[in-house]
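# Just need the structure, nothing else, for what follows:
(3 chains)
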Amino acid sequence: MRWRDASLPLLVFAALAIAPFIGFGQGHALTLLARAMIFGMAAMSLSLLVGGAGLVSLGHAAMLGVGAYAVVVLDHAGVTEALVVLPVAVLAAALFALLTGAVAIRTSGVHFIMITLAFGQMAFFTTSSLAIYGGDDGYTLFSRMEVAGSRFLEGRLAFHFTCLALLAGTWLLVQALLDSRFGRVLRAAQQNEVRAQAVGFAPYRYRLVAYVIAGAIGGMAGVLLSQAAEFVAPAYLTWQRSGDLLFMVILGGLAGPHGALVGALAIVLIEEWLAELTEHWRMIFGPMLILCVFFLRGGLVGLLRR
Amino acid sequence: MLLVVQALNGLQFGILLFLVAAGLTLVFGVMDFINLAHGVQYMIGAYLGATLAAATGSFWGGLLLALPAALLVGLVLEWLVFRHLYARDHLSQVLATFGVILFLNQGVKFVFGAAPLQMPVPEALSGGVPIMEGLLYPTYRLAILAAGLATAALLWFLVERTKAGMLVRAGAANAPMLGALGVNVDRLFMLVFGFGAMLAGFAGVMAAPILSVEPGMGDNLLILAFVVIVIGGIGSVRGAFIAALLVGLVETIGRSAMPDLMRLFLDPSAARQAGAAMASMLVYVVMALILAVKPAGLFPVKR
Amino acid sequence: MSALLELRGLSKRFGGLAVTQDVSLSLALGEVHALIGPNGAGKTTLIHQVSGTLAPDAGQVVFLGEDVTALGLAARARRGLARSFQITCLLPGFSALENVALAVQARSGSSFRFFRPARGEAALNARAMAALDEMGLAARAGVPASALSHGEKRQLELAIALAMEPRVLLLDEPLAGTGAEEAERLIALLRGLKQRFGILLIEHDMPAVFALADRISVLAQGKVIASGTPDAIRADAQVRAAYLGDDE
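Modelled structure (predicted):
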């Protein structure tokens, strides 16, 4: 890991850590920050695929959805202990990623985009057909999970710092993965697949493992999303949501997980800020995206690096 | 009997899908440009049709004026945004054209409000045609089918039998070659682009009287159009035609048959919900299966 | 003498065109076996079949006594069959050192290691550095591959192949596009290397071929029309007619 790649995220984490104490400690502000951090985790896991492995997935919201619906299924069955729910949800998302990835990774380019979209849509329509869990209307959780029996997550600050810890952990993990031997093979296969094969690496297995890891992190983000809203609905799994995650990664920059982190925070916070200015904020936000593409070749983090 | 109606509905939906997908597949195949904003061209067409029909007091007036207007919108977008993206990577194209979607979806809401607009069915095409004993099928829907087929035939003629069409096909197979052969690539791109935008706009106008004209109406159609061009083989108009009809039929027939099928296993209300969801899923299952067998689509363009 | 690499009756057709017809040849340790022939004779297609990027329609590739015909490029590379490419095939965003370190990594332990930074692995870097040094690229270790000169890229390709500790090297026009001086340096390097493994060489530079090769096979229209020592090939009338006679 290079220092300049680390300095930006550390700054962001520090800002998030002091935010509740410098005027952002209200319910609304904390809810917003939690949302931004959760999408930050999801976007960083996606950046492992897009930036690291060259796998542009348009079905990543399904990973969050599987995690969130694992919470729902367990909640319905009366299981609300985080130490049980979180591992089960993460494993469920990893398993979904393994099964769908095993098929999807045989394709590449646009076909990979479309096949991940297809699996994402299958997951979306499956959840909206689950009448027992509310179908299209979704499922309201009675409360957040217990952690080892305590109602720790109900505390606003406790939840904020739980999200922050997991956000920082996700960044460390994704950055470490990219820097490791494993990540080197992934990056090599992205740049030149034939070269990677010619020195003896068949990229398929490495890509599949990356897909499963990203799915697992996405599942974790899904669990947190369900806890933040205390509500889960098929809307979590729409292709537009997958698109949003992808846009966060691209807007932030593909140079590493810090790009996705910055992209996610920027999109969630700018959306909120513009929405307060005007009902028609998308008429400003849309052209902003276009201008970013025109003038910021390396994404937002490319701008900071100049 | 019901199946006949469903099949006609499916074909008619497929035709609309084809009109949108044809432009998308050409732009993607020839220019290697992923244009997410193609769906909003369809929406713009519908809005232009509805507004101009109201202004002129006639469906036909609306249709005639909406086509050049849709073309104009397409060319303006090309000039303002898209031409600066041709040389960029796919991810940049996706992000920037998504920005266009956000702007235009909100833009029509800003101008026309969030409530759906209505466009009247033209007098001459109102009513129904008896297609079977005791079964009237709306004339207008048949007219859509006919107009769509005629457009498809025209498109086939343009692509297969004209010089510009030959260049387009050559471009789909090997785009860098065109520049090397001294073809004015910029002008060809603009032609392809404008034509694709007009087709999508035409589909929007045709759909306006039977669907509600509202912001975001192009988004889901766009995704289905992408499904169509991937199933059909990117750059292949013929593939897009077959795939669009296939997707239209699967979607429409699935939507009516699946709930009945589900009723065998579930109670009626659960069956209705599960069936509708399963029907929507069917298209994606079909796509996944086709890609598993033919990864480059049904009619891959030879490179 | 047992062969490192043996091709038995390889055949390949593209549509109606037979690009490889019943090609059999062998390669021993310490030997440079050159494949020559006019453009379109099927040399590169043959190398593709030997390295595993193309599957032959018939015949076998036997490497170190094992039939590897069914294996792909990566699996053959892991067994010690390294190739260089006619058109430079590098990782443009990686430094020269990391290009080579990836190859070293493939030969030393599992790459399913997730946490330790690969760039900090001294053992990998040392061996990569040694390979770069052998190719005279040590001073350029930190430069991104995309910023190297053409000749340096060819050297880097060879350094990567060396770092794979191969038993057989398949070299597809290693001198293509290099200047006279660079070519001379590469020829000297190759001559120094050849004792360690077997080299199957495709090259258009005839002086280089006759300087390096122990055996030469001449390919024309996918068929081996002659095979022998450089002197025998030079004297072969059929070869002169098919190939050496017309100016290449």
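
# So which residues of the stretch 151-300 of chain A form helices?
Along the stretch 151-300 of chain A, counting by DSSP state H, counting those that start in this stretch, helices occupy A:156-179, A:181-191, A:193-198, A:203-229, A:239-252, A:257-277, A:282-295, A:299-305.

# between those, which one is nearest to B:Val192?
Nearest to B:Val192 among the helices of the stretch 151-300 of chain A is helix A:282-295 (21.4 Å), distances taken as C-beta to C-beta. Placement of C-beta: from N, CA and C, glycine included.

# What is the closest one packed up against?
Counting contacts by 3 or more C-beta pairs under 8 Å, 6 or more residues apart in numbering or on different chains; DSSP states H and E, helix A:282-295 is packed against helix A:239-252, helix A:257-277, helix B:90-112.

# switch to 7 Å and redo it
When contacts are defined as 3 or more C-beta pairs under 7 Å, 6 or more residues apart in numbering or on different chains; DSSP states H and E, helix A:282-295 sits against helix A:257-277, helix B:90-112.

# between those helices, which gets nearest to chain C?
helix A:257-277 (14.4 Å; C-beta to the nearest C-beta).

# Packing partners of the closest one?
helix A:3-18, helix A:27-47, helix A:156-179, helix A:239-252, helix A:282-295, helix A:299-305.

# Just send those back as CSV, with distance to B:Ala87 too.
Converted to CSV, these look like this (distance: least, C-beta to C-beta, whole Å):
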stretch, distance to B:Ala87
helix A:3-18, 28
helix A:27-47, 24
helix A:156-179, 28
helix A:239-252, 17
helix A:282-295, 12
helix A:299-305, 18
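
# Turn these into CSV, columns for mean pLDDT and mean neighbour count.
Shown next, in CSV, are the helices and strands packed on helix A:257-277 (pLDDT from 0 to 100; neighbours: other C-beta atoms under 10 Å in any protein chain shown):
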stretch, mean pLDDT, mean neighbour count
helix A:3-18, 88, 14
helix A:27-47, 95, 24
helix A:156-179, 95, 19
helix A:239-252, 91, 25
helix A:282-295, 89, 18
helix A:299-305, 78, 18
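
# How about C:Arg215, nearest residue that isn't a chain neighbour?
Excluding its sequence neighbours, the residue lying closest to C:Arg215 (C-beta to C-beta, 6 or more residues apart in numbering or on different chains) is C:His33, at 4.9 Å.

# How about stretch A:234-247 and chain B, any contact?
Yes - interface with chain B: stretch A:234-247 contributes A:Trp239, A:Gly243, A:Phe247 (C-beta under 7 Å from any C-beta of the partner chain).

# which residue sits closest to residue 189, ignoring its sequence neighbours?
You didn't say which chain, so I picked chain A. A:Pro203 (3.7 Å).

# Sorry, I should have been clearer: chain B.
Leaving aside its chain neighbours, B:Phe189 sits nearest to B:Met31 (5.4 Å; criterion: C-beta to C-beta, 6+ apart).

# Please report how far the closest residue to chain B within chain C lies from C:Arg140.
Proximity to chain B, evaluated over chain C using C-beta to the nearest C-beta, is greatest for C:Gly15 at 12.6 Å. Distance of C:Gly15 to C:Arg140, computed by C-beta to C-beta, to the nearest Å: 44 Å.

# So for the two, which residue has more residues nearby?
Counted by other C-beta atoms under 10 Å in any protein chain shown, C:Gly15 and C:Arg140 do not tie: C:Arg140 has more neighbours, with 20 against 6.

# Contact partners for that one?
For C:Arg140, the contacting residues are C:Ala96, C:Leu148, C:Glu152, by C-beta atoms under 7 Å, 6 or more residues apart in numbering or on different chains.

# if we can go back for a sec, just the element for the residue nearest to C:Arg215, please.
Element membership for C:His33 (DSSP states H and E) is strand C:32-36.

# Pull the CA coordinates from that strand and hand them back as PDB.
Output of strand C:32-36 as PDB, limited to C-alpha atoms (Å, rounded to 0.1, in the frame of the first residue of the first chain):
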ATOM      1  CA  VAL C  32      18.300 -24.600 -30.500                       C
ATOM      2  CA  HIS C  33      15.900 -25.900 -33.100                       C
ATOM      3  CA  ALA C  34      14.900 -23.200 -35.600                       C
ATOM      4  CA  LEU C  35      11.800 -23.200 -37.700                       C
ATOM      5  CA  ILE C  36      12.000 -21.200 -40.900                       C
END
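
# CA atoms of the helix or strand harbouring B:Gly45 as CSV?
Assigned by DSSP H and E, B:Gly45 belongs to helix B:38-56. Extracted C-alpha coordinates of helix B:38-56, given in CSV (Å, rounded to 0.1, in the frame of the first residue of the first chain):
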residue,chain,number,x,y,z
HIS,B,38,-31.2,5.5,-25.7
GLY,B,39,-34.2,4.7,-23.5
VAL,B,40,-34.9,8.3,-22.8
GLN,B,41,-35.1,8.9,-26.6
TYR,B,42,-38.1,6.6,-26.5
MET,B,43,-39.6,8.7,-23.6
ILE,B,44,-38.8,11.9,-25.5
GLY,B,45,-40.6,10.6,-28.5
ALA,B,46,-43.7,9.8,-26.4
TYR,B,47,-43.7,13.2,-24.8
LEU,B,48,-43.2,15.0,-28.1
GLY,B,49,-46.0,12.9,-29.7
ALA,B,50,-48.4,13.6,-26.9
THR,B,51,-47.7,17.3,-26.7
LEU,B,52,-47.7,17.9,-30.4
ALA,B,53,-50.8,15.9,-30.9
ALA,B,54,-52.5,18.1,-28.2
ALA,B,55,-51.2,21.2,-29.9
THR,B,56,-52.3,20.3,-33.4
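
# got the buried residues for that helix?
By 16 or more other C-beta atoms under 10 Å in any protein chain shown, the buried positions in helix B:38-56 come out as B:38-53.

# what's the closest of these to chain A?
Among these, and counting by C-beta to the nearest C-beta, the member closest to chain A is B:Val40, at 10.5 Å.

# mind listing what the closest one touches?
Residues in contact with B:Val40, defined by C-beta under 7 Å, 6+ apart, are B:Val100, B:Ile101, B:Leu104, B:Asn105, B:Gly218.

# Not counting sequence-adjacent ones, nearest residue to residue 183?
You didn't pick a chain, so chain A it is. A:Gly183 sits nearest to A:Leu177 (C-beta to C-beta, 6+ apart), 5.0 Å away.

# Let me rephrase: I mean chain B.
Leaving out its chain neighbours, the residue that sits closest to B:Val183 by C-beta to C-beta, 6+ apart is B:Leu167, at 5.8 Å.

# What lies in contact with whichever strand or helix holds that neighbour?
Taking DSSP H and E as the criterion, B:Leu167 maps to helix B:163-173. Contacts of helix B:163-173 with the rest of the structure, by C-beta under 7 Å, 6+ apart, involve B:26, B:29-30, B:158-159, B:177-178, B:183, B:188, B:191-192, B:235, B:301-303.
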